[in-house]
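Engineer: let's see this in three dimensions:
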Amino acid sequence: MSGLRTILTSTAMVAVLGLGFGLWQVLGTEDRWRNLSKQNLPKSNLVRKEETRERNALMMKALKDAAETNNNIVRGTAK
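Structural biologist: All right, here's what the predicted structure looks like:
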């Protein structure tokens, strides 16, 4: 009976260690993918960052012009 208990306890310990190692591998892989995806964000690429800045400036200029006029820009008619 004591031998059976030792075998079951050892098996349970190996299973828990295996589960912990498996979870560690899965979560570690997720961190690696997260770091790789951060490299493709617009803020990390200087060319894309500058394009985004220019696009935002053009949008702000268009919004400012629209706010200063009474014309309906979408329909192209004056109120």
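Engineer: pull the distance from the helix of greatest length in the chain to the chain's centre.
Structural biologist: Looking only at the chain and at elements set by DSSP state H, the helix with the highest residue count is helix 2-39. Counting by Cα atoms, centre = their mean, to the nearest Å, helix 2-39 is centred 25 Å from the centre of its parent chain.
Engineer: got any ranges where this protein has weak pLDDT?
Structural biologist: Applying pLDDT under 70 to the chain flags the ranges 30-31, 36, 39-44, 72-79.
Engineer: hmm, what's the outermost residue in it?
Structural biologist: Most distant from the centre of the chain: Met1, at 53.4 Å, with distances by Cα atoms, centre = their mean.
Engineer: quick one: residues contacting that residue.
Structural biologist: With Cβ atoms under 8 Å, 6 or more residues apart in numbering as the criterion, no residue contacts Met1. Every C-beta, even on glycine, is put in place using the N, C-alpha and C of the backbone.
Engineer: so it versus Ala15, what's the distance?
Structural biologist: Summarising the geometry, the distance separating Met1 from Ala15, computed by Cβ to Cβ, to the nearest Å, is 21 Å.
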